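Q: Whatever this is, show me its structure:
(chains A and B)
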Amino acid sequence: MLIKRGAEASIFLEEWQGQKVIMKHRLPKKYRIRQIDQKIRSYRTLHESQLLHYAKEAGVSTPIIYMVDLADSNIIMEFIEGTQVKQILNDLSPEERQNLSEYIGELIGRLHIRNIIHGDLTTSNMVLNRNGNIIFVDFGLGEISVELELKGVDLHLMKRAFQSTHFCIAEECFKAVLCGYTEIVGQKMAKKVINKIREIEGRGRYISERKRSG
Amino acid sequence: MFGKRVNVRVLKTNWKELNLLIVNSSWTLNLMKKSNSTKICLGIEATADDFGVGLLDFEGNVLANVNNAFIPETGGIHPREAARHHAKVAGRVITEAFQAAKIDPCDVTVIAFSQGPGLGPCLRTGATAARALASYLNVPLVGVNHCVAHIEIGKLATGVKDPVTLYVSGGNTIVSAFDAGRYRIFGETLDIAVGNCLDVFAREAGLRPRDGVPLGAAVENLATKGETFVHLPYSVKGMDLSFSGLLTAGVRLLKKGKYRLEDLCFSLQEVAFSMLTEVTERALAHTEKTELLLTGGVGANKRLQMMLKIIADEHDVSYCVVPKQYALDNGAMIAWTGILAHEHGTSIPIEKSFVRLKWRLEDVDAPWVKV
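A: Residues are numbered from 1 along each chain as shown, chains lettered A, B, ... in the order given. The predicted structure is shown next:
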């Protein structure tokens, strides 16, 4: 059953060996020739699976991978029972929200300290399960990089996600995220990244933010 | 003959040529009579190898669009040589434009020039000509961003209103769309432009530009005879592109001599254009715009046009390719953008009209765009 259709991949909810699984399928693109298409799709499928694994090593829960099919560009992985952070964040009490945001910040910190860039940090890509753990999903745009720029962009994206879907509480949530982040990566690095975020916001692309904050 | 406020130092570069131009041209005699009330803008384009002059009325009718390209004997565009060429032909091209439009210089209401981005010596030569004319005719001067001009003339020529634009040439590779008062860059090259990649590869392969057949077209012709695909590095980083690794790999395989040139041209094109199309598709999905515009010299390539057609159909957006005379660098686009800017009160005093070599598309306010 198709549950989401993105620009690059489709997400299916399937039955596989008696359990509910998620299948992520990268779509062939008609505009590129078969050889290029095949290579890109299989490379990205492999890369994403690797990132899911590296994130686990860094101490961030991600779906368990059951199978990687490079020929068809499929990843079959665990279906996480739970709710998207996006759906509950607005309804939490201020204290719970603070704790959850800090926890999210810590998890991002753990990724960044290992130079893992998620690439699409939004509250819909974080799932809260029954045990109260947060599981990060969709590393499709992720990469491994030591660049400060990418870490800044990663967190900036998080901020924008808060602003677009949780407008009233965006500021306190992002502050808490940075608080948790600092705890993990340390003052020195956190300061650098926060300065980077400020620099990114000052660029022309985000002019509306500059107006809002200035 | 220049007003007091003109900074002579600014005008130094090609003073001699322009002096000759103004003194010798027959049209100086007609300076005193304003023939009618139609408002006209003269645009001078000189960012790289082309020196172009366009004359447009404020309705957007192109009265003249004359171009003279610098064709180097060997190698690529040497900025100094190109600037010398521009200085040499400037007077002739401007005169030709006036003759083609059948108007007098005194009919001009605004002078626009390409202020950047581009090669310094070329920009300065064009700017010098523009300053001299503006000062002499006593009309306002408008500095135009070359990339904005490409988009604006594309919109005028094809009738699209609010497109995602893929602008691909020898100097630029930009995917952009209008948002909140400016043209925003969604993806761009991190190093060399796609046209530069194809051109340098062609020169390394010993191809030469002939009259009417630029290097890019030579690569395209060879590519149609390609049969076997050779793997080359595909490098899309987020929304941005990189072509320098692709060029290096292509040239290395070429020097090995193991592969047919046709196959390499084919592979190079397929990889480069797939990268462009992928980023363009993402910009379309992200912005949810309903129009796609292809412009710039590389936009003349049929294979690239075909790839974009496929994604345009898949996303159900209308798709336009800018006609060649307006897709390549030209004076008309500078004139048209000058008109739009001038109508919104933008002009620049001569003493502040320095060229801006690295002027980014997203640094330009575009108050004339109504979405």
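
Q: Strands of chain A, residue ranges please.
A: Per DSSP state E, chain A carries strands over the ranges A:2-5, A:9-16, A:19-26, A:65-69, A:74-78, A:82-84, A:116-117, A:126-129, A:134-136, A:143-144.

Q: Name the single longest helix found in chain B.
A: Longest helix in chain B, counting residues (DSSP state H): helix B:261-287.

Q: That one: which residues count as buried?
A: Within helix B:261-287, the residues that count as buried by 16 or more other Cβ atoms under 10 Å in any protein chain shown are B:261-284, B:287. For the C-beta atoms, the positions are set from N, CA and C on the backbone; glycine is no exception.

Q: Any stretches of chain A with poor pLDDT?
A: A:203-214 (pLDDT under 70).

Q: One more pass at 50, please.
A: Along chain A, segments meeting pLDDT under 50 span A:204-214.

Q: gap between the residue nearest the centre of chain A and chain B?
A: Per Cα atoms, centre = their mean, the C-alpha nearest to the average position across chain A is that of A:Leu121, at 3.6 Å. A:Leu121 sits 14 Å away from chain B when distances are taken as Cβ to the nearest Cβ, to the nearest Å.

Q: In chain A, what residue spans correspond to helices?
A: A:34-57, A:85-88, A:94-113, A:148-165, A:170-185, A:187-202, A:207-213.

Q: Check what pLDDT B:Ala366 gets.
A: We have a pLDDT of 95 for B:Ala366.

Q: Hmm, B:Phe178 and it touching each other?
A: Yes: counting by Cβ atoms under 8 Å, B:Phe178 is a contact partner of B:Ala366 at 7.1 Å.

Q: Does the residue nearest to B:Thr287 when sequence neighbours are not counted belong to a helix, a strand or coil?
A: Closest residue to B:Thr287 apart from its sequence neighbours, by Cβ to Cβ, 6 or more residues apart in numbering or on different chains: B:Ala177 at 4.8 Å. Following DSSP: H, G, I helix; E, B strand; the rest coil, we place B:Ala177 in the strand state.

Q: May I have the residues that are in contact with B:Ala177?
A: B:Ala177 makes contact with B:162-165, B:183-184, B:186, B:283, B:287, B:289, according to Cβ atoms under 8 Å, 6 or more residues apart in numbering or on different chains.

Q: what residue lies at the spatial centre of chain B?
A: Mean-position check on chain B, Cα atoms, centre = their mean. Result B:Asp329 at 3.6 Å.

Q: returning to what we had before: any figure for the gap between the residue nearest to the residue nearest to the centre of chain A when sequence neighbours are not counted and chain B?
A: Nearest non-adjacent residue to A:Leu121, counting by Cβ to Cβ, 6+ apart: A:Met158, 4.3 Å away. Computed as Cβ to the nearest Cβ, the A:Met158 to chain B distance reads 16 Å.

Q: next one: A:Glu48
A: In terms of Cβ to the nearest Cβ, A:Glu48 sits 15 Å off from chain B.

Q: for A:Tyr103, same thing?
A: Per Cβ to the nearest Cβ, A:Tyr103 is found 27 Å from chain B.

Q: so that residue touches A:Gly180, yeah?
A: Yes: counting by Cβ under 8 Å, A:Gly180 is a contact partner of A:Tyr103 at 6.2 Å.

Q: hang on, the earlier thing: including mean neighbour count, could the helices of chain A go into CSV?
A: Output for these, formatted as CSV (neighbours: other Cβ atoms under 10 Å in any protein chain shown):
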stretch, mean neighbour count
helix A:34-57, 17
helix A:85-88, 17
helix A:94-113, 20
helix A:148-165, 19
helix A:170-185, 19
helix A:187-202, 15
helix A:207-213, 13
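
Q: can you list these in a markdown table and add distance to B:Gly206?
A: Below are the helices of chain A laid out as a markdown table (distance: least, Cβ to Cβ, whole Å):
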| stretch | distance to B:Gly206 |
| --- | --- |
| helix A:34-57 | 27 |
| helix A:85-88 | 58 |
| helix A:94-113 | 49 |
| helix A:148-165 | 40 |
| helix A:170-185 | 53 |
| helix A:187-202 | 45 |
| helix A:207-213 | 47 |
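
Q: contacting residues around B:Pro79?
A: B:119-122.

Q: Would you mind listing the two of the residues you listed that lie farthest apart?
A: Using Cβ to Cβ, these span at most 7.2 Å, a distance reached by B:Gly120 and B:Cys122.

Q: Who has more neighbours out of the two?
A: Using other Cβ atoms under 10 Å in any protein chain shown as the criterion, B:Gly120 and B:Cys122 rank with B:Cys122 on top: 29 against 13.
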